[in-house]
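Participant: What follows is a predicted protein model with its sequence.
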Amino acid sequence: MDEQPGHRVGMRDVARVAGVSVSTVANVLSRPGIVAPPTRQRVEQAIRRVGYVPNGPARQLRGRPSPIVGGVIVDLANPFFAELNRGIEDRLAEAGCLVLACSTDLQPAKEARILDVLREQAVRGIIVSPVGPDLTAVLETSRRGTPVVLVEQPRGPLDLCAVSVEDALGGRVAAEHLVALGHRHLAYLGATVEPGTVPRRRTGARQALADAGLDPDRALLDLRMPIHPPPLADAAAAAADRILAARPTPTAVICFNDTAAVGVLQGLTARGLRVPEDMSIVGYDDLRFATRIAPALTTVRQSPYQLGHTAADLLLDESRPGHTHHDVRYRPTLVVRSSTGPPPARTHRH
């Protein structure tokens, strides 16, 4: 379509080329699901033909929600959060939206700054995996009118939508599995700075040991390692020395995620120990590589993709009249593979 120089193509031009009303063009742009497919395709072809680009700020001034959703995630370089973000992205794409994803790196100040910037940009809403238990910045964002959905965080008494996994149950089933194999001295490998999911899993493991008649303070070695820097797998490999130096020496390690479990496996192997003959290892997440290492990793399965997809679904529903907040929780499951077995006849001392 030929236009005079300087002419800004608008919805009227699209409507004229497509042979429809301006309101139909508007519906295709903001609510494509209510437009008949043949009509929608005709409008989309006209948009491409005339080179129309919607004016985002103008659409928002007319009361239409932004197609941009903020994703405030702990660490997008982490395979778990990358898959969670993909679930968000795919669900939003179905609704004609996209995600602007940011990493907080477990830094409260960075989380607060990201939330401020996203709110200033008038995003449609924000999906956030909180850094810690202090949700002041998140609640302030919601109070100022930006819809917020929590992911990996139960909502508790908060009037927000949330989607999470029963973390304490995940820690419990990991510890119960090892106790059933005969282990009586375990290590729980976490980090010096942790998201809220990890302490809840640790609590579940401690409860499982108490229910088995063991003293959690004696039966569970609580190890915290610094990360970022060094990289998580390297930090976990280095933690093998601390595990082996403990007395009594643990015969099994529960790791706060699968990447840490791989690091521990590498660290133990480098020190001449065999898994699971000398030391059992349990991971958490059941990421794709868990079956591709040797030995294949026993781990607690949760679906980051499902978490992200559900969180995006809840966020999109925020704009529906009569929307009520939901607290969606999924149950993790133990996947037993080759990295766990009975404890050795006697603990190795190094």
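Facilitator: Cool, the structure landed.

Participant: going forward, measure contacts between C-alpha atoms and count neighbours the same way
Facilitator: Fine.

Participant: This protein: strands as residue ranges?
Facilitator: 68-73, 98-103, 125-128, 148-151, 161-165, 186-191, 220-225, 252-255, 280-285, 298-301, 327-330, 333-335 (DSSP state E).

Participant: For the second one, buried residues please.
Facilitator: Under the neighbour-count criterion of 16 or more other C-alpha atoms under 10 Å, strand 98-103 has 98-99, 101-103 buried.

Participant: Tell me which of the strands of the chain approaches Pro37 most closely.
Facilitator: If you check each of the strands of the chain against Pro37 by C-alpha to C-alpha, strand 98-103 wins as the nearest, at 21.7 Å.

Participant: what about Ala290, how many neighbours?
Facilitator: Using other C-alpha atoms under 10 Å, Ala290 has 21 neighbouring residues.

Participant: correct me, but it touches Leu297?
Facilitator: Yes - using C-alpha atoms under 8 Å, Ala290 is in contact with Leu297, at 5.1 Å.

Participant: who's in contact with Pro130?
Facilitator: Residues in contact with Pro130 (C-alpha atoms under 8 Å, 6 or more residues apart in numbering) are 72-74, 111, 150-153, 195-196.

Participant: now the residues you listed in TSV, with distance to Leu232 and neighbour count?
Facilitator: Below are these laid out as TSV (distance: C-alpha to C-alpha, whole Å; neighbours: other C-alpha atoms under 10 Å):
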residue	distance to Leu232	neighbour count
Val72	20	27
Ile73	17	23
Val74	14	20
Glu111	21	23
Leu150	25	23
Val151	22	28
Glu152	20	22
Gln153	22	26
Pro195	14	18
Gly196	18	17
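
Participant: Local confidence estimate at the closest residue to Ala101 other than its chain neighbours?
Facilitator: Nearest non-adjacent residue to Ala101, counting by C-alpha to C-alpha, 6 or more residues apart in numbering: Gly71, 4.3 Å away. Gly71 is assigned 98 on the pLDDT scale.

Participant: what do you get for Pro133?
Facilitator: 88.

Participant: Same question for the one 5 residues further on.
Facilitator: Confidence at Val138, expressed as pLDDT, is 94.

Participant: got it, and Asp222?
Facilitator: Confidence for Asp222, expressed as pLDDT, is 97.

Participant: Identify the residue spatially nearest to it, adjacent ones excluded.
Facilitator: Using C-alpha to C-alpha, 6+ apart, the closest residue to Asp222 is Tyr188 (5.2 Å).

Participant: So what's the residue count around Ala77?
Facilitator: 10.

Participant: quick one: contacts for the residue lying closest to His326 once chain neighbours are set aside?
Facilitator: Nearest non-adjacent residue to His326, counting by C-alpha to C-alpha, 6+ apart: Cys161, 4.9 Å away. By C-alpha under 8 Å, 6+ apart, Cys161 lies in contact with 148-150, 155, 314-315, 325-327.

Participant: Over to Gly170?
Facilitator: Shown in contact with Gly170 (C-alpha under 8 Å, 6+ apart): 201, 204, 300, 331-334.

Participant: Next one: it from Asp75, what distance?
Facilitator: Distance, Gly170 to Asp75, using C-alpha to C-alpha, to the nearest Å: 21 Å.
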